[in-house]
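Trainee: here are the coordinates; sequence isn't available:
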Ligand code: P1T
């Protein structure tokens, strides 16, 4: 895998998602990389191979995805040497997170945004506090200055989700990076909700970007995966080592699916944003809805930050996720959710099809009830992942379901 392909780092994002880190297969000219299912690679003599030994360590299909997502997120390590490219693909988003946490030593301290995916919270608190004596402070980073008072002499990393899952709070990445640099902390941004099309954490100065590739990157709700991207060579080296040492790698077939999904990421995200904006505005005018949270609405408490930090081709754009609070209680939420028909009542997000769910019972059940209460994840909170269907059909579906409440 010599770096003979031309650099794609200067291309527009819309082109990078299609061509980033890719070149026709050198043996056949195949435009899409073959799905290399081989678990192992023949050697001419012990230790004499063509850069591939064993597929947990090296797989050409996974490399194709890793180079692509690295280029799309703006890591420039691809140019240095293919083998140390800045992207790493894992068997799930949580596998990516788990491997990233291995950058820490036993007893280290992590500052995390307080609102984040329930499974990430579960991994940090229920697993890593026990298994590696990880100390985690959950801090409301909507005000980044709160980081300073949470720092201890063992603090090594800041974990940020923005927009957050499910309350769509935003974190000012520029402000976080400024503090992190002062204290020599590693900043990780879970960019799953925003996608690299809307939000550019590495360019702002974050050290690592994480994605659940299950969501917008894959885009079709048919694969579970995760990725990490960095532009710091020393972190890339450590992540590469741990990806192999821990072994929770993405399979060749799944790598192919995610790579295929990323090719349409830019056009999909544009449509997600357009649909979500119209639906958020429509919901804001519906009398059955108490409150709509969408970073593209002026009513969002961090609207100004959204305008600055989330942009599509230079214009503000707020993504495909909407959170609403219904009037009433759990009964009203259930009736609403039981009466949608185009939206599927299901966990996950970011696919071409619209999904809707109840975080308190579904995706965030692993967050303790008292923490959910503090964060505002109530029984009337409903999370909507707006797909790319015709927006009139989606509004019609929500209208019928709200009318049943
Ligand atoms: O599900 P997995 O691919 O392991 O990714 C975990 C994950 C990480 N980060 C964010 C922001 C996520 O939303 C997720 C997964 N989230 C869901 C399954 C969900 O419905 O919210």
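Mentor: Great, that's in hand. Computed from a prediction, not measured in an experiment: that's the story for all the values here. Numbering: from 1, shown residues only.

Trainee: start and end of stretch 312-332, how far apart?
Mentor: Stretch 312-332 stretches 36 Å from its first residue to its last (CA to CA, to the nearest Å).

Trainee: please read the previous query as pertaining to stretch 117-128.
Mentor: 16 Å.

Trainee: next to the ligand, which bits of the protein? Give me the list.
Mentor: 92-94, 117, 119-120, 161, 165, 190, 192-193, 212, 214, 224, 226, 347-349, 363 (CB under 6 Å from any ligand atom). For the C-beta atoms, the positions are set from N, CA and C on the backbone; glycine is no exception.

Trainee: in the chain, which residue sits furthest out from the middle?
Mentor: For the chain, the largest distance from the centre (CA atoms, centre = their mean) belongs to residue 45, which lies 41.9 Å off.

Trainee: so what's it bridging to?
Mentor: Beta-bridge partners of residue 45, counted by DSSP bridges, are residue 48.

Trainee: can you pull the contacts of residue 231?
Mentor: Shown in contact with residue 231 (CB atoms under 8 Å, 6 or more residues apart in numbering): 74-77, 86, 202, 207.

Trainee: show the model's pLDDT score for it.
Mentor: In this model, residue 231 is scored at 93, pLDDT.

Trainee: skip the chain neighbours and tell me the closest residue to it.
Mentor: residue 75 (4.2 Å; CB to CB, 6 or more residues apart in numbering).

Trainee: which ones are touching that neighbour?
Mentor: So residue 75 contacts 85-87, 202, 229-231 (CB under 8 Å, 6+ apart).

Trainee: if we go to 6 Å?
Mentor: 86, 229, 231 (CB atoms under 6 Å, 6 or more residues apart in numbering).

Trainee: okay, it and residue 200: tell me how far apart.
Mentor: 11 Å (CB to CB, to the nearest Å).

Trainee: which stretches of the stretch 201-350 of the chain form helices?
Mentor: Under the criterion DSSP state H, counting those that start in this stretch, the stretch 201-350 of the chain contains helices at 201-204, 233-246, 252-262, 265-284, 303-309, 330-338.

Trainee: in the fourth one, which residues are buried?
Mentor: Counting neighbours by 16 or more other CB atoms under 10 Å, one finds that the buried residues in helix 265-284 are 265-266, 268-277, 279-280, 282-283.

Trainee: again, but for the second one
Mentor: Along helix 233-246, the positions that meet the burial threshold by neighbour count (16+ other CB under 10 Å) are 235-236, 238-240, 242-243.

Trainee: what's the closest of the residues you listed to the ligand?
Mentor: Distance ranking of the buried residues of helix 233-246 against the ligand, using CB to the nearest ligand atom, places residue 243 first at 15.4 Å.

Trainee: what sits against that closest one?
Mentor: Contacts of residue 243 (CB under 6 Å, 6+ apart): residue 88.

Trainee: if we use 8 Å, what do you get?
Mentor: Taking CB under 8 Å, 6+ apart, we find residue 243 in contact with 88, 90, 99, 249.
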